[in-house]
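Enquirer: Got a predicted structure here, sequence first:
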Amino acid sequence: GHFGRYGGRFVPEALVAALNQLDAAYRHAMADEAFQAEFGALLRDYAGVPSLLYRATRLSESVGANILLKREDLNHTGAHKVRNVLGQALLTKRMGKRRVIAETGAGQHGVASATAAALMDLECVVYMGEVDTERQALNVARMKMLGATVVPVTSGSRTLKDALNEALRDWVSTVDHTHYCIGTAAGPHPFPAMVRDFARGIGVEARRQCLDLTGGLPDAVGACVGGGSNAIGIFHAFVGDEGVRLYGFEAGGEGISSGRHAARFSGGTPGVLHGTRTYVLQDDDGQTLESHSISAGLDYPGVGPEHAWLHDNGRASYLPVTDDEAMGAFQLLCRTEGIIPALESAHAVAGIIKVVPALREELGREPTIIINLSGRGDKDVETAGAYFGILK
Ligand SMILES: Cc1ncc(COP(=O)(O)O)c(/C=N/[C@@H](Cc2c[nH]c3ccccc23)C(=O)O)c1O
C-alpha cells in the first residue's frame, strides 16, 4: 500500500500512465529547490501563509483548556485548500497541461482550484453534487466569477462521492491535456502523499508557533476529517512527538446508531474506494453506503489512507461529532471569539470540547490544545441561520 496495508492504486488501465507521469513530476518537484522556492513564494505572497496561531482567550475560559487556533480560515480563498491547489497547479504547468478538473462538496476546493486556474491561465472544470451546489451556493457563484465551469452532478446521492466519480470519468478521456486536481489526501497513489506534502506546512508552522508562544509543544492537536487533508496537514509535523495526542473528528451526522453519518472509523470497514484502500462506509457485499452530514466537506464515505494507518497503529484517535454538537460549537465560536467557522471546522472545535475533561483528568492540569480552524463560515451562514432560526 504506501501506508501499511492502506493506500495503493486501484484504477483503470487508462489512468496508469497519467498517475506515473504525476508521480514523477511530484517526486522531482519535492527535490527541486526552484519548485520549493516558487511554491513558498506563492504561499507567502499570494495565499497569506503562514497563517496565524491565535490564542483564543474567551473560548479557552469557556472550555477549560488553553486553546490555540490555527487560522487556515484566513488564507486566501478561505480555507487550507489553497495550499494543496497551488502545489498541484505548479505541477500542472510543469507537466505542460492546460486544463484542470476538480471535485468539490463544500466548494472550498472548487474555489481554490478556480482561483489557481485564473492565476496561472489554466482552464478549470469543477464537478459538484447537485445537493452541494444548493447548500454551498455562495461558492458556486465564486467559482463562476473566477472563470471556472461548474458541472452539477445528478447521479447517486448528488454529493461528494458522485462528484469524484464524474471527475474520474472525465479524466479517463482527457489525461493527455488535463490534470485531475484532487481536493483531499485520498485517491490513488501518489495523490494521498502528494496532497499531504503540499499541506504539511500547516503543522510545521503550528509546531514552531506553539513553541514560540508557549515555550513548549501542545498536549493535543485536533482537526476535522473529511478526506483528511487538513488533518494530515497539521498532524504530520507532530507524528514524531509522542507527547502530542492527535485527534481526528469525523462527521457523526444524526448519530452513529441512526446510520446517517460519515464516520468511517466508527461505522466503516477496510475496503477500496476511488482508487485507494482505506476505511469505507460499505455494506456486507462491499457496496459503498451513502454518507450524511450537515457539512458538505465531511460528507464522504471514504477517508484518506494515511489516517487509516494512523488509526490502526494507534498514533491518532478518531471520534465522531454529531451535526448538533458541531452547530453548538459553531455558535460558541461566533459568540466567544467573533469567528464564524466553516461547518467542517466547527466539528473540530466540538470534538476538542468533548475530549478536554478526560485530558484534564489525565494531565492533572489545563491542557494546551491546537485546533485546526480549516475554513471560514461565510458559505454556511444560510444553513446555520436556518438551524438557529436567526436569519428571519
Ligand atoms: C473548510 C473545510 N474544512 C475541512 C474540510 C474537510 O476536508 P479535508 O478532510 O480534506 O481537510 C473541507 C472540505 N472541503 C472539500 C471537500 C472535498 C473535496 N474533495 C474531496 C474528496 C473526498 C472528501 C472530501 C473532499 C471541498 O469540497 O471543498 C473544507 O472545505
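Expert: Thanks, I have it.
Enquirer: ok now do residue 235, which residues does it touch?
Expert: Shown here is residue 235, whose contacts under the criterion C-beta atoms under 8 Å, 6 or more residues apart in numbering are 203, 221, 223, 246, 248, 310, 316. Every residue, glycine included, has its C-beta placed from N, CA and C.
Enquirer: In a markdown table, list the residues you listed along with pLDDT and distance to residue 302.
Expert: Below are the contacts of residue 235 laid out as a markdown table (pLDDT from 0 to 100; distance: C-beta to C-beta, whole Å):
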| residue | pLDDT | distance to residue 302 |
| --- | --- | --- |
| 203 | 99 | 23 |
| 221 | 99 | 23 |
| 223 | 99 | 17 |
| 246 | 99 | 20 |
| 248 | 99 | 14 |
| 310 | 98 | 15 |
| 316 | 98 | 17 |
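Enquirer: And those, which of them are buried?
Expert: With neighbours counted using 16 or more other C-beta atoms under 10 Å, these contain these buried positions: 203, 221, 223, 246, 248, 310, 316.
Enquirer: for those, which one is nearest residue 356?
Expert: residue 221 (13.6 Å; C-beta to C-beta).
Enquirer: For that closest one, what are phi and psi?
Expert: With angles defined as degrees, to the nearest 10, residue 221 sits at phi -130, psi 130.
Enquirer: The residue nearest to it when sequence neighbours are not counted: what secondary structure?
Expert: Beyond its immediate neighbours in the sequence, the residue positioned closest to residue 221 (C-beta to C-beta, 6 or more residues apart in numbering) is residue 370, lying 4.7 Å away. Following DSSP: H, G, I helix; E, B strand; the rest coil, the label given to residue 370 is strand.
Enquirer: Next one: the nearest residue to residue 239 once chain neighbours are set aside from residue 305, what distance?
Expert: Nearest residue to residue 239 in three dimensions, chain neighbours excluded: residue 315, at 6.2 Å (C-beta to C-beta, 6+ apart). Summarising the geometry, the distance separating residue 315 from residue 305, computed by C-beta to C-beta, to the nearest Å, is 14 Å.
Enquirer: The two: who's more crowded?
Expert: When residue 315 and residue 305 are compared for neighbours, residue 305 comes out ahead with 31 against 15, by other C-beta atoms under 10 Å.
Enquirer: From what I see, the more buried one and residue 5 are in contact.
Expert: No. In this structure residue 305 lies outside contact range of residue 5 using C-beta atoms under 8 Å: 9.2 Å.
Enquirer: Could you name every residue contacting both of the two?
Expert: When C-beta under 8 Å, 6+ apart defines a contact, the residues bordering residue 305 and residue 5 alike are residue 277.
Enquirer: Can you get me a residue count around residue 374?
Expert: By other C-beta under 10 Å, the residues close to residue 374 number 33.
Enquirer: whoops, residue 151 was the one
Expert: Using other C-beta under 10 Å, residue 151 is surrounded by 18 other residues.
Enquirer: any idea which element it lies in?
Expert: Under the criterion of DSSP states H and E, residue 151 resides in strand 149-153.
Enquirer: just checking, what packs against that strand?
Expert: Under the contact criterion of 3 or more C-beta pairs under 8 Å, 6 or more residues apart in numbering; DSSP states H and E, the helices and strands touching strand 149-153 comprise strand 123-129, helix 130-135, helix 137-145, helix 160-172.
Enquirer: and residue 370, how far is that from the ligand?
Expert: In this structure, residue 370 and the ligand are 15 Å apart, going by C-beta to the nearest ligand atom, to the nearest Å.
Enquirer: Which residues are in contact with that residue?
Expert: 53, 68-70, 206, 210, 218, 220-222, 234 are the contacts of residue 370 under C-beta under 8 Å, 6+ apart.
Enquirer: next one: residue 27
Expert: Residues near residue 27 by C-beta under 8 Å, 6+ apart: residue 190.
Enquirer: Now do it, the pLDDT please.
Expert: Per-residue confidence (pLDDT) for residue 27: 98.
Enquirer: what about the helix or strand encompassing it, distance to the chain center?
Expert: When secondary structure is defined using DSSP H and E, the element that contains residue 27 is helix 13-30. On the basis of C-alpha atoms, centre = their mean, to the nearest Å, the separation between the geometric centre of helix 13-30 and that of its chain is 22 Å.
Enquirer: Which residues of the chain lie near the ligand?
Expert: Contact residues, the chain versus the ligand (C-beta under 6 Å from any ligand atom): 79, 81, 103-110, 160, 164, 183-184, 186, 224-231, 297-298, 300, 342, 344-345, 374-375.
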